[in-house]
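Chemist: let me see the structure of the following:
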Amino acid sequence: MEALRAVRSAVAETDFPLPLPSAAPARADAAALLGQLDDYALPRLTHLAAPLLVVVGGSTGAGKSTLVNSLVRAPVSAAGVLRPTTRAPVLVSHPADTPWFRSDRLLGTLTRTAGSGAMKPTASLRPATLASRTDDSAFDRSDAPDPHQLQLISAPALAPGLAFLDAPDIDSVVGTNRALATQLFAAADLWLFVTTAARYADAVPWRLLHTARERGTVIALVLARVPPAAAVEVVTLLSEMLTEQGLASVPLFVLPESQLDRQGLLSDSVTAPLRSWFEALAGDAAARDSVIRCTLDGALAALPRRLAALAAAADEQVVAAEVLAEQVGLAYGVARGTVERGVRAGARPGPAEMPAGGPGSLDEFSRAVRTSIGNWRDRMAELTGRRAGTRHRQSAAESGLVTLVRSAATDAAEQTGTAWRGHPAGRGMLDGGGGAPQRGAGGGSGGGGAPQRGAGGGGGSLPPGPSPELVRQVYRLAREVPADDLLGRIDQLLDAEATGWLERLAGVPADGSAGHRLREAAAELEQARVAARLLEEPASEPVAEPASAEVIG
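Modeler: This next block holds a predicted model:
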């Protein structure tokens, strides 16, 4: 438990803020991993003797709800031709097991409901044959229930120690249903996967079956609605596919096409092999324990691989942040050098014509400034500025300094934007994944504003350069700061401009601690899993075998 909690903490503390190609999949897998830990691994490891949870899932229209109703001999889950039928999960258990599922130890993110919401009394059904909610009455669907509510139903006909959870369709047209189905599958001790003779080759079921196998989940497969005339051919093809995909040992139950009774249930003869298998599993504590431990051990064994993938994605974040930060440093380092050379060189009266450097160049600054910064500051200390010529020289010097700093900062912002656009993470931030840095609020002598996105927003325009706050700060420094301190204070302003870019990278730990923490947690968990010896032997299929898996014909 300590190792598993350390894994959860490491995953929860890891962010993937930079919009790299690996970031979105990593965030999704981290969320799924946290869900499996909270919904299944942690509560199951705490309560190994709790009832075995069978999650019944499959494709749209496969007859999952009808099968669950038939196994417990009561219409406990809504079934019908409308799709999707199962909008909220329905959990059916023996009354003695209901307290276990009523608590939030399992699937704690779902609220519990019993006795309201999804069903209404059906007069045509005999109360003696119906499963009961808290008021021992039967219900059928009306208003669509909240998909995040877990409907708890007690079924006296179901053997103790076993519970069925009817999940939404894995290929539902409703995105929340698909996400919920995936969440519920991750909380299962056993997957009962239902498909039909018409849908068994679909891609979605096979992807989920492989996911279950990779995570060590015990699986049983139901092939429903099999026409007697095509039974041999269909079952033979499905068996071959299972063998090719490494799933030959999965128990397979074949249910023929048949008429439902007036309660919408399959006949006892059709479901007898599957019901007998589950009754044997429920009645054999050793077999039930074997399934639980097999799935739990498989889930824990799969975690190091998933953590390694998250660690690799976290490392990519660090590498990307280093590259982007280096590009910021290079661009603003050049800007600082340009300003320093211009200030130290000073300026002398020059020709009136426009130099080849163009507006904002060092030559333009030289023309504008009539004396060096040092001499200008000395004269400012001696003179009162009463002469118009002095005021003009002061204004020219200030304007020249502002022109130089603004030009250098503009070049740095453009160079940084160009460099970032050449990197997937930088391009993502400029094009809408946070955009270019926003301007700061300004303030003290060291606070220039950070670059701002262009007016095009997510349209890809480069940042326009320094903020007005930078210009105001340079004017103030030119009037108030001694010449010896001027360069240092301007450097602070340029550093503040650079910081506006670097703040976009602040969510990435520079020391790579996230990846290290994930790998360390994975190693400790694997050591703890082996030491715990959940399984005396390598994980295998459940002890119980299908009572019958005959091909109908």
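
Chemist: CA atoms for contacts and neighbours, from now on please.
Modeler: OK.

Chemist: okay, V72: pLDDT?
Modeler: V72 carries a pLDDT value of 87.

Chemist: how close does it get to L260?
Modeler: As judged by C-alpha to C-alpha, to the nearest Å, V72 and L260 stand 15 Å apart.

Chemist: higher neighbour count, these two?
Modeler: V72 (24 against 12; other C-alpha atoms under 10 Å).

Chemist: surely that one and S154 touch.
Modeler: No. Assessed by C-alpha atoms under 8 Å, V72 is found out of contact with S154, at 9.9 Å.

Chemist: show me the domain layout of the protein.
Modeler: In terms of domains, the chain is parsed into 54-283+528-532, 319-505 (source: automatic domain parsing).

Chemist: secondary structure element for A179, which one?
Modeler: Per DSSP states H and E, A179 falls inside helix 175-185.

Chemist: same question for the helix or strand E316 falls within, mean pLDDT?
Modeler: Using DSSP H and E, E316 falls within helix 285-345. Average pLDDT, helix 285-345: 92.

Chemist: on that earlier part again, and the domains of the chain, which one averages the lowest pLDDT?
Modeler: Among these, domain 319-505 carries the lowest mean pLDDT, at a mean of 67.

Chemist: what is the end-to-end distance of that domain?
Modeler: End-to-end span of domain 319-505 (C-alpha to C-alpha): 11 Å.

Chemist: counting neighbours, what do you get for A532?
Modeler: Per other C-alpha under 10 Å, the neighbour tally for A532 reads 11.

Chemist: list the contacts for F101?
Modeler: Going by C-alpha atoms under 8 Å, 6 or more residues apart in numbering, F101 touches L152.

Chemist: can I get the helix or strand that it is a member of in CSV, CA atoms only?
Modeler: Secondary-structure element containing F101, defined by DSSP H and E: helix 98-102. Output of helix 98-102 as CSV, limited to C-alpha atoms (Å, rounded to 0.1, in the frame of the first residue of the first chain):
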residue,chain,number,x,y,z
THR,A,98,-24.7,-4.3,-1.0
PRO,A,99,-23.0,-2.6,2.0
TRP,A,100,-19.6,-3.1,0.3
PHE,A,101,-20.7,-1.4,-2.9
ARG,A,102,-22.7,1.3,-1.1
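
Chemist: what number of residues lie near E480?
Modeler: For E480, the neighbour count with other C-alpha under 10 Å is 11.

Chemist: just to revisit the earlier point, quick check: next helix or strand after the helix holding F101?
Modeler: Per DSSP H and E, helix 98-102 leads on to strand 111-113 as the next helix or strand towards the C-terminus.

Chemist: partner strands of that next one, with direction?
Modeler: In the sheet, strand 111-113 lines up against strand 149-154 (parallel) (DSSP bridges).

Chemist: how far is the partner strand from where the chain is centred?
Modeler: 28 Å (C-alpha atoms, centre = their mean, to the nearest Å).

Chemist: what's the following helix or strand after the longest strand anywhere in the chain?
Modeler: Ranked by number of residues, the top strand in the chain under DSSP state E is strand 218-226. Later in the chain than strand 218-226, the nearest helix or strand by DSSP H and E is helix 231-244.

Chemist: next, the buried residues of the helix or strand just after that following helix.
Modeler: For helix 231-244, the following helix or strand on the C-terminal side (DSSP H and E) is strand 252-256. Neighbour counts over strand 252-256 (16 or more other C-alpha atoms under 10 Å) mark L252, F253, V254, L255, P256 as buried.

Chemist: could you single out the nearest of those residues to L525?
Modeler: Nearest to L525 among the buried residues of strand 252-256: L252, at 33.6 Å, using C-alpha to C-alpha.

Chemist: tell me the bridge partners for that closest one.
Modeler: Here L252, judged by DSSP bridges, has bridge partners L221.

Chemist: surely it and L221 touch.
Modeler: Yes. Contact status for L252 versus L221: in contact at 4.9 Å, counting by C-alpha under 8 Å.

Chemist: residues in contact with the nearest residue to I292 once chain neighbours are set aside?
Modeler: Distance criterion C-alpha to C-alpha, 6 or more residues apart in numbering; nearest residue to I292, sequence neighbours excluded, is D189 at 5.5 Å. The contact partners of D189, taken as C-alpha under 8 Å, 6+ apart, are L52, L53, V54, V55, T217, V218, V291, I292, T295, L296.

Chemist: now the element after the helix or strand harbouring T195, going C-ward?
Modeler: Secondary structure assignment for T195, by DSSP H and E: strand 190-196. Next helix or strand after strand 190-196 toward the C-terminus (DSSP H and E): helix 203-214.

Chemist: keeping just the C-alphas, turn that following helix into CSV.
Modeler: Extracted in CSV, the C-alpha atoms of helix 203-214 (Å, rounded to 0.1, in the frame of the first residue of the first chain):
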residue,chain,number,x,y,z
ALA,A,203,-11.8,-3.1,-34.2
VAL,A,204,-13.0,-1.5,-30.9
PRO,A,205,-13.7,-4.7,-29.0
TRP,A,206,-10.3,-6.1,-30.0
ARG,A,207,-8.5,-3.0,-28.8
LEU,A,208,-10.2,-3.3,-25.4
LEU,A,209,-9.4,-7.0,-25.2
HIS,A,210,-5.8,-6.3,-25.8
THR,A,211,-5.9,-3.5,-23.1
ALA,A,212,-7.3,-6.0,-20.7
ARG,A,213,-4.6,-8.5,-21.5
GLU,A,214,-1.9,-6.0,-21.1
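
Chemist: ok, V474 to G58 distance?
Modeler: As defined by C-alpha to C-alpha, V474 lies at a distance of 67 Å from G58.

Chemist: er, A286 actually
Modeler: The spacing between A286 and G58, counted by C-alpha to C-alpha, is 28 Å.

Chemist: give me the number of residues near P424?
Modeler: P424: 14 neighbours (other C-alpha under 10 Å).

Chemist: report the secondary structure state of the closest residue to it other than its chain neighbours.
Modeler: Sequence neighbours aside, L20 is the residue nearest to P424 in space, at 5.9 Å (criterion: C-alpha to C-alpha, 6+ apart). Counting by DSSP: H, G, I helix; E, B strand; the rest coil, the backbone at L20 sits in coil.

Chemist: got the contact list for L20?
Modeler: Here L20 is in contact with Q317, P424, A425, G428 (criterion: C-alpha under 8 Å, 6+ apart).

Chemist: can you redo those as CSV, where the extra columns are distance to A514?
Modeler: Formatted as CSV, the contacts of L20 follow (distance: C-alpha to C-alpha, whole Å):
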residue, distance to A514
Q317, 10
P424, 21
A425, 18
G428, 22
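
Chemist: in ChimeraX, select just the buried ones from these.
Modeler: Those of the contacts of L20 that count as buried under 16+ other C-alpha under 10 Å are selected in ChimeraX with:
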select :317,425,428
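
Chemist: just the ones of the contacts of L20 in helices?
Modeler: Counting by DSSP state H, the contacts of L20 place Q317, P424, A425, G428 in helices.

Chemist: which of those residues sit farthest apart?
Modeler: Q317 and G428 (13.2 Å).

Chemist: anything in contact with each of these two?
Modeler: Shared contacts of Q317 and G428 (C-alpha under 8 Å, 6+ apart): L18, L20.

Chemist: just the helices in the stretch 1-150 of the chain please.
Modeler: Assigned by DSSP state H, counting those that start in this stretch, the stretch 1-150 of the chain shows helices spanning 2-12, 23-36, 42-46, 64-72, 98-102.
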